[in-house]
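J.: sequence below, structure please.
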Amino acid sequence: MALQLFVTTRQLCQSFAYQTTQLFQQCVVGSIGVKSLNNPLDELCGAFSNGTAYFKPFEYDVVAGASYGDLDGFTTEAKDYVKGLQTMFSQATAVEECVTKAVWGKGTSAINRPFLSLIIRPENLPPCNGTDGYVRTGEPVVCSIDSDAKSNGAPYPTGPDDGPLIEFWHNDSCLPNASTRDPPESKQPFIYVSDDAWATFKDTSDAATFGRLNIEIRPDMVVPGTKDYNDLLLRGFAFYMPGAVFEEGETAKATLTPNGQMQQRVYDETREPVCGGYGNQNLCMYRNFTFVAAPTEPPPEGTTETTQVVSYSMSYYNPNSAGTCNRIATQPVFYAGRKVIGPKCDPPSDDDKACYQYCTDQDLSSLEQGDIRSDGDSAGPFNFAALFTSYVLEVGARGVDRLSGVDLTNVEQIELGLWLKSHTTIDAPLSCDMQNC
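T.: Numbers count the residues shown, from 1 in each chain. Model prediction:
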């Protein structure tokens, strides 16, 4: 029992460090803010943080310490040992109750409801014309010896002392007249993926890659929507694909799964002399903390072993020719409280008019309060993913056959809505006494 409590407490402290990074860094590590004396979190997790915690088994030498019949001595030492476990348990309870209320409680989370409306698009660079190509600036410059570099007059490797060569993109050939060109920069609201990745996303010839996109969300990409918050977690998401065609009765489903290291960040006003001002507009003012994401590999073929994966899901279908849904009302994308509007739609709309309508049985408004209520196959996690990480977005038909009844040929962008959970705003004071965590 003692060993189990020790291991559980260690895992609990690791969870606090991730979920409430600012609180943990202030009250345990002491790297940010004021680390006060009345500090249950430090008493619980301090030894785990600095590496001094270790499990001590209960030992009582009945031969050397006392006579065999000395039950009083045994009882006294056993009570002292258990008292330490009780202290650890009471500390964990106090911290857990405060953190649960602050991070997951509706009353606290209702104050701030960060939301990001993003658009995934291909880079759409001009195609090569047969004599010219592009090479990404700053990328490694190599040339495949299997390409038709030789026929196009470009050099190809002949030995280990050869200089760097060029790998042209948007074409399979190494071409003699290349120019450097940067792809468009991913800045809110746009996330750009390569044209090759976009083509693969829409290509039904390979079921393993159809409907799959790898994206990344970094702090520099979403400064306007995230600059006021610490400890940003992803609460849930919604998506919509303008131009997608579904067979009658078919529903599109998407899963969003983090697959890289997760980054939490905390605003640190003491960095201003180093960062040169500009407050929360300056990424230098934030301290970054990295955590390892949950594993995302599928179970081995032929096994039923489940993998612990943080994953989100959402589904919808298009209204029929009459503009209505089956048994439910149409609603704006993403929902009435978070409408996609304006000139960035495809096609553009007025600033106050919803661009798209769709049909979904998921109550996206519930994400505003903190509890998602959705269809039965949703894999919404309790321990949310950090916003800043890389993701795999996978879309397709809702059934077993992802390719069946879904045509992405005319999809030129994906609307992505992200509901976020923030533990605190950057100017919110925290207290280590667990009265205001």
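J.: kindly state the pLDDT recorded for Phe190?
T.: In this model, Phe190 is scored at 95, pLDDT.
J.: how about Glu297?
T.: Confidence per residue is given as pLDDT, and for Glu297 that number is 51.
J.: tell me the contacts of Arg218?
T.: Contacts of Arg218 were listed using CB atoms under 8 Å, 6 or more residues apart in numbering, and they are Phe388. Where you see a C-beta, it was placed from the backbone N, CA and C, and this is true even at glycine.
J.: so what does it have for phi and psi?
T.: Main-chain dihedrals, Arg218, degrees, to the nearest 10: phi -110, psi 160.
J.: ok, then the element right after the one helix or strand in the chain whose mean pLDDT sits lowest?
T.: For the chain, scoring each helix and strand by mean pLDDT, DSSP states H and E identifies helix 106-109 as the least confident one, at a mean of 40. Counting by DSSP states H and E, the next helix or strand C-terminal to helix 106-109 is strand 115-122.
J.: so which elements touch that next one?
T.: With contacts defined as 3 or more CB pairs under 8 Å, 6 or more residues apart in numbering; DSSP states H and E, strand 115-122 has these neighbours: strand 190-193, helix 195-202, helix 223-226, strand 414-425.
J.: buried stuff in it?
T.: Taking 16 or more other CB atoms under 10 Å as the neighbour-count basis, strand 115-122 is seen to contain the buried residues 116-122.
J.: from those, pick the one nearest Phe334.
T.: Nearest to Phe334 out of these is Ser117 (CB to CB; 7.6 Å).
J.: against Thr20, how distant is the closest one?
T.: Plainly put, Ser117 is 27 Å away from Thr20 if you go by CB to CB, to the nearest Å.
J.: and for Ala336?
T.: Ala336 sits 32 Å away from Thr20 when distances are taken as CB to CB.
J.: likewise Leu416?
T.: Counting by CB to CB, the gap from Leu416 to Thr20 is 27 Å.
J.: what is the burial count for Gln388?
T.: Check again: residue 388 is Phe, not Gln. Counted with other CB atoms under 10 Å, the burial measure for Phe388 works out to 24 neighbours.
J.: nearest residue to it other than its sequence neighbours?
T.: In space, and not counting its chain neighbours, Phe388 is closest to Gln263: 4.1 Å by CB to CB, 6 or more residues apart in numbering.
J.: Provide the partner residues of that neighbour in its beta bridges.
T.: For Gln263, the beta-bridge partners are Thr290, Phe388 (DSSP bridges).
J.: my read is that it contacts Val292, right?
T.: No. Taking CB atoms under 8 Å as the definition, Gln263 is not a contact partner of Val292, at 11.0 Å.
J.: those two: which has the busier surroundings?
T.: More neighbours sit around Gln263 than around the other of Gln263 and Val292, counting by other CB under 10 Å; the figures are 18 against 9.
J.: for the more buried one, give me its contacts.
T.: With contact set as CB under 8 Å, 6+ apart, Gln263 has these partners: 219, 288-291, 386, 388-389.
J.: below-threshold pLDDT in the stretch 1-150 of the chain: ranges please.
T.: Applying pLDDT under 70 to the stretch 1-150 of the chain picks out residues 1-5, 50-75, 77-79, 81-88, 101-112, 126-150.
J.: all helices of the stretch 251-400 of the chain, in order?
T.: Secondary structure of the stretch 251-400 of the chain (DSSP state H, counting those that start in this stretch): helices located at 272-275.
J.: show me the strands in it, by range?
T.: For the stretch 251-400 of the chain, strands defined by DSSP state E, counting those that start in this stretch occupy the ranges 252-258, 262-267, 286-291, 312-316, 331-332, 357-358, 385-386, 390-397.
J.: these: which one's closest to Leu37?
T.: Counting by CB to CB, Leu37 lies closest to strand 262-267 out of those; the figure is 21.8 Å.
J.: roughly how far apart are Thr324 and Cys359?
T.: Going from Thr324 to Cys359 by CB to CB gives 8 Å.
J.: neighbour-wise, which of the two wins?
T.: Cys359 (19 against 13).
J.: so what's that one closest to, chain neighbours aside?
T.: According to CB to CB, 6+ apart, the nearest residue to Cys359 is Cys325 (3.5 Å).
J.: residues contacting the one you found?
T.: 317, 319, 359.
J.: between those residues, which is nearest Ile215?
T.: Tyr317 (23.6 Å).
J.: next, the closest residue in space to the closest one that isn't next to it in sequence: phi, psi?
T.: Beyond its immediate neighbours in the sequence, the residue positioned closest to Tyr317 (CB to CB, 6+ apart) is Thr251, lying 4.4 Å away. For Thr251, the backbone dihedrals are phi -120, psi 140 (criterion: degrees, to the nearest 10).
J.: and Thr251, how far from Leu387?
T.: Per CB to CB, Thr251 is found 27 Å from Leu387.
J.: before we move on, what about Gln19?
T.: Remark: distance between Gln19 and Leu387 (CB to CB) = 13 Å.
J.: neighbour count winner among the two?
T.: The neighbour comparison of Gln19 against Leu387 (other CB under 10 Å) goes to Leu387, with 29 against 23.
J.: that one touches Arg235, doesn't it?
T.: No. Under the contact definition of CB under 8 Å, Leu387 does not touch Arg235, with a separation of 9.6 Å.
J.: joint contacts of the two?
T.: Taking CB under 8 Å, 6+ apart as the contact criterion, the common neighbours of Leu387 and Arg235 are Leu420.
J.: how deep is Pro258 tucked in, by neighbour count?
T.: Pro258 has 25 neighbours, counted by other CB under 10 Å.
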